[in-house]
Structures are given as C-alpha cells and as structure tokens.
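> Task: produce atomic coordinates for the following.
(chains A, B, C and D)
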There are 2 protein chains.
Amino acid sequence: MNFKLKASDKEKLDKALAKKGLRTTKQRSFVYSVILGKRDHPTADEILLRVRNSLPSISLATVYNCLESLVECALVRQVNMDRSPSRFCPNLSPHAHFKCTKSGKIVDLSLKESQIKLLKKILPKGFVSSNFDLTFNGTLR
Amino acid sequence: MNFKLKASDKEKLDKALAKKGLRTTKQRSFVYSVILGKRDHPTADEILLRVRNSLPSISLATVYNCLESLVECALVRQVNMDRSPSRFCPNLSPHAHFKCTKSGKIVDLSLKESQIKLLKKILPKGFVSSNFDLTFNGTLR
DNA sequence: GTTATAATTAGAATTATTCTAATTATTGAT
DNA sequence: ATCAATAATTAGAATAATTCTAATTATAAC
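Sure thing, here's the model as predicted:
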C-alpha cells in the first residue's frame, strides 16, 4: 500500500497504536510519515497539504483525528506557542523551543539530562510534574 | 471617579500608558485594578465579569483592547497555556507557571536570578532571547 | 460472511479573538 | 470655554483554529 514509512517506523507506529487499542490506518500512517519526513514544525493545515500528495482525498478532520491519536500514543509532540495554530514534531527527546520573532522560524534546543534536572529543581515540594514546555522568543544572529 | 486603584498603582498606570502615548481611561483603570485585585489568572471573560461590577456597560471588545494596551505597556503579563483562552496576571517578576491537571489551578513559581541564568545557558551561541515561557504540567500533592 | 466496532468524511458548530464602522470622549490649540 | 483632531469605546460581524455530528466506509472478531 505504498507507505513511505521505514519498516522500523511502521513497527513503532503499529506497536504504539495497538498499545492504546487503536488501529493502523493508511491515514494515520501517512500523517505519521509526513511528520517524520521533514524536520520542521508543520501545522495541521500544512500536514493536510503534504499528506494530500499521497492521499488526495484525506480531510482536515481526519488529519486532526490522526494527530490526536499520534499525540496520545506519544509518537508525535504537539507544540503550542502563544495563540498561534498548534504545530507538530517528531522530536520526542526532551527539548526546548526557540522562536525567531523576525523569521517565525522554530528551532529545537535539545536539553541535556543535567539541564532537565535543573528545571525540575524549580518545582517546590509537593509539585509533581509530568512534563514541561519551555519556549524562548528572540532573534537569531 | 471612584477608582479602586491605590495612588501608587494609578501613578504607575498613568506613567506606563503615557510612555506609549496612550490615555488613561476609566475602562483601562478598572481592568488594571481588577487584575491587581486578585492574585489569580483570569481570562478576558472573567475580567469582563469582574469589571462589570463597577462598570456595567463595558464591552468584551474593550476588555480585549485594554488588555492589549496593558500588556504592551508591560503592566500585565499574558499567559498562554496549550490552546486554552489567554490568561492575565500582574506578576511581572520572572516566574514559571505550574498547571495542575486535576484542578486546573495555575500557580506562579518565582525564579531566582541564578535559575534564570541557568535557563539562558540553554541558548546556543547566536540565539538572543528577550523572553521565555516555562510551564509545568502536573499534580499537586 | 456477518455483525460489531472503529475510523473517516463533509460540513456544521463552537470558541476565542480580531475587525469594522459608528459613536463618544479627550486633548490641544485657539 | 469652543472647536477640530485624534483616540477610545462599543456592538456586532467576521475570522480562524478546532471540535462535533451524523452518515458512510473500513476493519476485526467471531
């Protein structure tokens, strides 16, 4: 069925979906492959356009549904900045984001284990955090 | 004109607005006083309700306009979490946010100068950041 | 193969926010 | 104080991202 997914990615997808009792469908596979295929931070609209190259009849609602499933399965990370449309990225390792206020460009800033420890230290006793979002706004020299 | 603003807050408001060439109006004053008056993180809707106690005829559009001015003057901070409605708070000192996924409660976590320095160290050379947002999601024990 | 369940689809509905155009208020110059 | 110029407020329409609804299609389990 002409997936552009590598065998290892397909397996990862199948496993993660199955774990949540969800099915592997061609829509989910293509959405996932599109997100893996380019190291940027596309919005749902952009993902729709890219998937339509392979699957012209897919609808925006389905893209949103697929993204929800993929995020739920922790295969994809949803990135929200200010009130702009959500963006999606395949980078699952802990990282911060940098948004250039001039170009709009978004860059991943990977975090070392030691830096994550320092972030966790910000939490007072009694605060248990499962995840965090760290976004810098600024400019690139 | 029955402002609930303390003299010092009123002065601060006047100065900050004037600096940007904006006028002090009763709507802006009441919106500011409502935000100062309660240490939480109200949405524009909630602010509308609170201001209407004093100023029954104020419109939602005006609340949005006032908030925009106050944020522009750095009198109020706009807090965006995920894709939920923007919230506004008078805490101008650098701080992170903690959102309890059970209660929805939002707590300010003040940051020490040393912690801010550590955050800035996450930025590679060439990345110049004017501000950052740090939000933890989790639960309160 | 049939039935039950899940996923997709188109389009309507929702929600937060912004925009538009008209009205009202404020300022500055006379 | 009066008047013109500008700014702010207002109601309601418009927008944009996302979610919901109801019908259709696909898949899995027996």
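
> Backbone dihedrals for the residue in chain A sticking out farthest from the centre, please?
Most distant from the centre of chain A: residue A:125, at 30.5 Å, with distances by Cα atoms, centre = their mean. Note on residue A:125: its backbone torsions stand at phi -60, psi 140 [degrees, to the nearest 10].

> what do you get for the one 10 residues further on?
Reported as degrees, to the nearest 10, the phi and psi values for residue A:135 are phi -130, psi 130.

> Let's verify residue A:78: helix, strand, or coil?
With DSSP: H, G, I helix; E, B strand; the rest coil as the basis, residue A:78 sits in strand.

> Enumerate every residue touching residue A:44.
The neighbours of residue A:44, taking Cβ atoms under 8 Å, 6 or more residues apart in numbering or on different chains as the test, are A:60, A:63-64, A:67, A:85-86, A:88. Yep, even glycine has a C-beta here, placed from its N, CA and C like the rest.

> Out of those, who's the most crowded?
residue A:63 (25 neighbours; other Cβ atoms under 10 Å in any protein chain shown).

> Just confirm yes or no for the helix or strand it falls within near DNA strand C.
Per DSSP states H and E: residue A:63 is located in helix A:60-72. Yes: part of helix A:60-72 sits near DNA strand C under the criterion Cβ under 7 Å from any atom of the strand, namely A:61-62, A:65-66, A:69.

> tally of neighbours for residue A:97?
The burial count for residue A:97: 22, using other Cβ under 10 Å.

> Show me what it is bridged to.
Counting by DSSP bridges, residue A:97 forms beta bridges with residue A:108, residue A:135.

> Show me the strands in chain A, by range?
A:77-79, A:87-89, A:95-100, A:106-110, A:127-140 (DSSP state E).

> Who are the packing partners of the third one?
In terms of contacts (3 or more Cβ pairs under 8 Å, 6 or more residues apart in numbering or on different chains; DSSP states H and E), strand A:95-100 is packed against strand A:106-110, strand A:127-140.

> give me every residue that touches the residue in chain A positioned nearest to DNA strand D.
Using Cβ to the nearest atom of the strand, residue A:86 is the residue of chain A that sits closest to DNA strand D, at 3.3 Å. Going by Cβ under 8 Å, 6+ apart, residue A:86 touches A:43-44, A:78-80, B:83.

> how about the residues of chain A that lie near DNA strand D?
So far as Cβ under 7 Å from any atom of the strand goes, chain A lies against DNA strand D at A:23-26, A:43-45, A:60-61, A:64, A:68, A:85-86.

> about what we covered before: if you compare the helices and strands packed on strand A:95-100, which one is most tucked away?
Sort those by mean neighbour count, taking mean count of other Cβ atoms under 10 Å in any protein chain shown, and strand A:127-140 sits at the top with a mean of 17.

> Please work out the average pLDDT along it.
Averaging pLDDT along strand A:127-140 gives 94.

> again with stretch A:71-86
Stretch A:71-86 comes out at a mean pLDDT of 95.

> gap between the two ends of it?
Terminal residues of stretch A:71-86 lie 12 Å apart, using Cα to Cα, to the nearest Å.
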